[in-house]
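In: task: produce atomic coordinates for the following.
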Amino acid sequence: PNQPGGYSSTDFASVQPTTDNYKNFLGRIDYNVNDRDRVFFDIRDTQYLQAKNDYFGNGITASWLTRNNIGGTVDNVYTLNPTNVLDLRVNFTRMNETHPSPTAGFDASSLGFPSYLAGLSPYQQMPSLSFASTTSNTSYSDGSTGASLLPSQSLQLFAKWSSIHGNHSMSFGADLRQYNANFTTYGNSDGNFSFSSNAWVKGPSANASSTVSQGQDIAEMLLGLPTSGTYDLNVQSSFYEHYMGFFFQDDWRVKKNITVNLGLRYDKDFPYHEKFGQTVNGFDTTATSPIAGAAEIAYAKNPIAQLPASLFKVNGGLTYPSDGAVYNQTSNLFSPRVGVDRKSTRLNSSHLGI
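Out: Next up is the predicted model:
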């Protein structure tokens with residue numbers, strides 16, 4: 001405690017700022033190959049770091065966030081002849097979002113935890129501890145549980161052909177894209193241990209209070225007797241999705257001051273897929289479990305009276321989408337466009353010859 005008030009939730013005060021650092025870089029080059037060929041190239045990069053909630057100055061309660069983006073575009077406009085122009089473009093963007101743990105690399109065995117926790121952990125960090133209450137009846141926890149890696153990227157191929165025929169200015173083209181997203185969420189990679197009852201410290205008296213009183217959760221922690229615990233070993237996932245769009249538009253100049261716009265666009269989004277086939281779409285309670293045989297043999301050696309060995313069945317298992325899609329959808333969207341552009345001519349004294 002650094003404030004007066006004794007044992008309470010308000011006897012410690014910490015003023016820790018949230019810092020947001022952001023950098024942005026942009027660059028572009030235009031190159032005229034000749035009178036008919038124009039090329040431009042741009043590159044972009046952003047860097048963002050946020051740090052907050054480091055109440056004790058040791059990283060235990062802190063959280064970090066980074067978002068770094070990099071991308072570029074190459075565009076080529078080529079004039080085939082006075083009435084036909086071709087535009088080709090490639091666009092790429094990648095965002096690397098991470099939530100690193102400020103205690104990354106921490107060895108839990110240094111606090112007396114079993115060495116196998118750190119040995120099995122895919123991402124070593126300080127274990128998470130949660131406590132039941134304080135005098136203000138609020139919970140408290142420390143340690144890190146939100147570490148994750150969330151990189152994603154997009155690739156676009158775009159082409160447009162523009163052609164002029166008399167009073168018609170027509171354009172048609174295609175827009176093709178691929179999206180990728182990867183997820184690695186570590187969770188409680190070194191365990192979460194909850195001290196939320198007084199079961200271990202309330203004493204032998206049957207009249208002892210069943211509620212957690214002041215300090216009993218801390219006493220359980222000092223004894224190394226948690227109420228419950230979890231340990232996460234999460235799999236990584238990698239998703240991808242494709243999109244395509246086709247469009248046509250005719251700007252028809254009906255009169256000198258009236259232009260009619262007629263167009264149609266077709267969009268199609270394909271389903272997301274998980275690259276390694278790790279998605280599930282349900283649980284079948286009647287499916288035969290691969291461990292059923294071994295489990296039934298083991299149970300038959302030491303059954304309980306309430307359930308004869310002949311009735312002990314181990315059924316159930318996860319089901320997987322047959323085509324690997326995370327979801328199925330029929331996206332076939334037609335978007336028409338109709339517009340009229342009318343330009344008025346305003347006369348002044350010079351036009352009238354006055």
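In: after the helix or strand hosting G293, next one along is what?
Out: Here G293 is covered by helix 292-301, with elements defined by DSSP states H and E. Next in sequence after helix 292-301, counting helices and strands by DSSP H and E, comes strand 315-319.
In: convert that following strand to PDB, retaining C-alpha atoms only.
Out: Only the C-alpha atoms of strand 315-319 are listed here, as PDB (Å, rounded to 0.1, in the frame of the first residue of the first chain):
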ATOM      1  CA  ASN A 315     -19.700 -42.100 -27.600                       C
ATOM      2  CA  GLY A 316     -19.400 -38.700 -29.300                       C
ATOM      3  CA  GLY A 317     -17.000 -36.800 -31.400                       C
ATOM      4  CA  LEU A 318     -16.500 -33.600 -33.300                       C
ATOM      5  CA  THR A 319     -17.800 -33.200 -36.800                       C
END
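In: where does the protein have low pLDDT?
Out: 5-10, 133-145, 203-214, 324, 328-330, 344-354 (pLDDT under 70).
In: if we use 50, what do you get?
Out: 135-137, 349-354 (pLDDT under 50).
In: tell me the secondary structure at A219.
Out: helix (DSSP: H, G, I helix; E, B strand; the rest coil).
In: and the spatially most central residue of the chain, how far from L264?
Out: Centroid check for the chain by CA atoms, centre = their mean gives L150 as the closest residue, at 5.4 Å. Computed as CB to CB, to the nearest Å, the L150 to L264 distance reads 37 Å. All C-beta atoms are positioned from the backbone trio N, CA, C, and that covers glycine.
In: circling back to that earlier point, how about the helix holding G293: buried residues?
Out: 292, 299 (16 or more other CB atoms under 10 Å).
In: just stretch 113-122 next, same as before
Out: Buried positions in stretch 113-122, judged by neighbour count with 16+ other CB under 10 Å: 113, 117-118, 121.
In: now stretch 49-61
Out: 51, 54, 59-61.
In: ok, the residues you listed vs Y272, which is closest?
Out: A51 (32.5 Å; CB to CB).
In: packing partners of the strand or helix carrying T285?
Out: Using DSSP H and E, T285 sits in strand 282-288. In terms of contacts (3 or more CB pairs under 8 Å, 6 or more residues apart in numbering; DSSP states H and E), strand 282-288 is packed against strand 315-319.
In: in the strand it packs on, what's buried?
Out: Of the residues in strand 315-319, G317 count as buried by neighbour count, 16+ other CB under 10 Å.
In: now, the most widely separated pair of the buried residues of stretch 49-61?
Out: Farthest-apart pair in the buried residues of stretch 49-61 is A51 and I60; separation 13.6 Å (CB to CB).
In: S110 - how many residues pack around it?
Out: By the criterion of other CB atoms under 10 Å, S110 has 9 neighbours.
In: with F312 instead?
Out: The tally of other residues near F312 (other CB under 10 Å) stands at 15.
In: pretty sure it sits against I297.
Out: No. Here F312 does not reach I297: they are 10.2 Å apart, not a contact under CB atoms under 8 Å.
In: how about the CA coordinates for whichever strand or helix holds S335, as PDB?
Out: Using DSSP H and E, S335 sits in strand 333-342. The C-alpha coordinates for strand 333-342 follow below in PDB (Å, rounded to 0.1, in the frame of the first residue of the first chain):
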ATOM      1  CA  LEU A 333     -25.000  -9.900 -56.200                       C
ATOM      2  CA  PHE A 334     -26.000  -7.900 -59.300                       C
ATOM      3  CA  SER A 335     -25.900  -4.200 -58.800                       C
ATOM      4  CA  PRO A 336     -27.400  -2.000 -61.600                       C
ATOM      5  CA  ARG A 337     -26.600   1.600 -62.000                       C
ATOM      6  CA  VAL A 338     -28.700   4.300 -63.700                       C
ATOM      7  CA  GLY A 339     -28.000   8.000 -63.700                       C
ATOM      8  CA  VAL A 340     -28.500  11.200 -65.700                       C
ATOM      9  CA  ASP A 341     -26.100  14.000 -65.800                       C
ATOM     10  CA  ARG A 342     -27.400  17.300 -67.100                       C
END
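In: which elements pack onto it?
Out: Checking 3+ CB pairs under 8 Å, 6+ apart, strand 333-342 ends up next to strand 258-269.
In: what's the angle from the strand it packs on to strand 333-342?
Out: 160 degrees (axes from the mean of the first three to the mean of the last three CA atoms, to 10 degrees).
In: can you list the buried residues in strand 258-269?
Out: Those buried within strand 258-269 under the rule 16+ other CB under 10 Å are 259-260, 263, 265, 269.
In: sounds good, over and out.
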